[in-house]
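1. please find the sequence and the predicted model below.
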Amino acid sequence: MPAGVDLPGIVAEQPYPLVFATVSGAHLYGFPSTDSDVDLRGTHLLPVRDLIGLAQPAETRTVMADRDGVELDLVTHDLRKFVRLMLRRNGYVLEQLLSPLVVHASAAHAELVEVAPLVLTRHHAHHYRGFAATQRRLFDTGGELKPLLYAFRALLTGVHLMRSGRLLAHLPSLLDAEPAPAYLADLIAAKRAAEHGGLDNLVGGSILDRDLAELASRLDQAQHDTRLPEQPGGTAQLNDLVVAARLADSAR
């Protein structure tokens, strides 16, 4: 958990009740630097009156702040939108939900975590394949380590998910769980030392090309072999959860 920042205080300032708030980004992935910003992600509950009128409410809130010299951004979705994203095979929101860096939790959060394994499908591989490709392009453009590590992390997360059915976003843990290039430990150390640092000849470009391509092939094979289902489950449970949370909030 990021030190020196009053994260619970940030949560308490929000206008809508939060179902959960967790830390995402580099802190979750295991390679924050001393000047990394803090990415808070979560879910809030819009009041019923905002949902039953003619106007379409804003279902996503974004708060940018500087606290104690640390840049912080908090992004939350209304619970209904968040659950719909879960059912769209969105690995990003599941990583937020399952993040072990919990700032705020609730009974509804615990229920979401319990249902989360049911929504996992073989098609979550597409999310990680696409995210890795985007981050690789950002690395090629800017040369910073951060997107390169994001690319490796995404591919390893996808491989591990397809093989084990478990969503693991923490790159140092993935290095223990999956075969991976030995130099990634050095890249993690370099990123922790400098937020916007470059590769600095830690590894050659041709080696990166080879290893990223090999990981992408492993993800393809893992998706082919996985026992994860074609379609997400848990729709009825999630529907009931959203309704119950909304009713409980409106009864306060």
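-> Good, I have the coordinates. Numbers count the residues shown, from 1 in each chain.

2. contacts and neighbour counts: CA atoms only from here.
-> Will do.

3. using the centroid of the chain, identify the residue furthest from it.
-> Here the chain reaches farthest from its C-alpha mean at L54, the gap being 32.9 Å by CA atoms, centre = their mean.

4. for it, what are phi and psi?
-> phi -80, psi -30 (degrees, to the nearest 10).

5. do a quick rundown of the helices in the stretch 101-250 of the chain.
-> 107-119, 124-142, 145-164, 171-177, 184-193, 205-225, 235-250 (DSSP state H, counting those that start in this stretch).

6. for the last one, give the mean pLDDT please.
-> Throughout helix 235-250, pLDDT has a mean value of 94.

7. for that helix, packing partners?
-> Counting contacts by 3 or more CA pairs under 8 Å, 6 or more residues apart in numbering; DSSP states H and E, helix 235-250 is packed against helix 79-86, helix 107-119.

8. please apply the same query to the fourth one.
-> Under the contact definition 3+ CA pairs under 8 Å, 6+ apart, helix 171-177 sits against helix 145-164.

9. how's the chain carved up into domains?
-> 15-119+233-250, 124-225 (automatic domain parsing).

10. between the ones you listed, which gets nearest to P2?
-> With CA to CA as the criterion, P2 lies closest to domain 15-119+233-250 of the domains of the chain, at 7.3 Å.

11. now the closest one, how far from the centre of its chain.
-> Relative to its parent chain, domain 15-119+233-250 has a centroid offset of 11 Å by CA atoms, centre = their mean, to the nearest Å.

12. first-to-last residue distance for that domain?
-> 15 Å (CA to CA, to the nearest Å).

13. please apply the same query to stretch 19-38.
-> 19 Å.

14. buried stuff in that stretch?
-> 19-33, 36-38 (16 or more other CA atoms under 10 Å).

15. cool, and stretch 67-79?
-> Counting neighbours by 16+ other CA under 10 Å, stretch 67-79 gives 70, 72-79 as buried.

16. one step back: hey, which of the helices and strands packed on helix 235-250 is tucked in deepest?
-> A comparison of these by mean neighbour count, using mean count of other CA atoms under 10 Å, puts helix 79-86 on top with a mean of 20.
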